[in-house]
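K.L.:
Predicted model, plus sequence, below.
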Amino acid sequence: MESTYDVELLTPEKTVLKAQIVSMIVPGTEGFLGVLANHAPLITGLVPGLLALTFPDGRKEEYCISGGFLEVSGNHAVVLADSVERPGEIDIERAENAKERARVQLKERKGELDVARAEAALKRAFARLRVGRRSVGV
């Protein structure tokens, strides 16, 4: 049997998941990062993207996170994210609209545009679309 560890997916509003898993893949600030049992202690930033979990029974679950932090210590991992969505919860049309709004803002750069905020909105929209489209096979 594969070694397992505890994981918690948290947002400021709720605990999304507490479970035992075999592995996790997260979108880190320096690229995707895999976490298995007995991983070295780690704290890292996360960017918008796909978080994938594998459970002891072989089942896999995917989530879209909007960024945040990962802490791994003593066979326990905590993902603290601004938001966590399952693929089926993502409104593709809303994500498309957010993507277009951010693109227009960045292209036109009117007034006192907060470029970092617009770029972050664009990255979140792209992540939501990538993950959401996986659930509908687009």
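P.N.:
Okay, I see it.

K.L.:
where does residue 73 land on pLDDT?
P.N.:
If you check residue 73, the pLDDT there is 97.

K.L.:
can you check residue 113 too?
P.N.:
For residue 113, the pLDDT comes out at 64.

K.L.:
all helices for this protein, in order.
P.N.:
With DSSP state H as the criterion, the chain has helices at 92-108, 115-136.

K.L.:
And for the last one, what's in contact with it?
P.N.:
Which is helix 115-136. Identification of contacts with helix 115-136 by CB atoms under 8 Å, 6 or more residues apart in numbering yields 27, 47-50, 62-67, 85-88, 90-92, 95-96, 98-99, 101-103, 105-106, 109. Any C-beta I mention is one placed from the backbone N, CA and C, and that applies to glycine too.

K.L.:
quick revisit: the helices of the chain: lowest mean pLDDT?
P.N.:
Ranked on mean pLDDT, the bottom entry among the helices of the chain is helix 115-136, at a mean of 76.

K.L.:
could you check the angle helix 92-108 makes with that helix?
P.N.:
Per axes from the mean of the first three to the mean of the last three CA atoms, to 10 degrees, the angle that helix 115-136 makes with helix 92-108 is 150 degrees.

K.L.:
where do the strands sit along the protein?
P.N.:
Taking DSSP state E, the strands of the chain run over residues 5-10, 15-21, 23-28, 31-36, 42-54, 60-73, 76-81, 84-85.

K.L.:
For the fourth one, buried residues please.
P.N.:
In other words, strand 31-36. Going by neighbour count (16 or more other CB atoms under 10 Å), the buried part of strand 31-36 is 33, 35.
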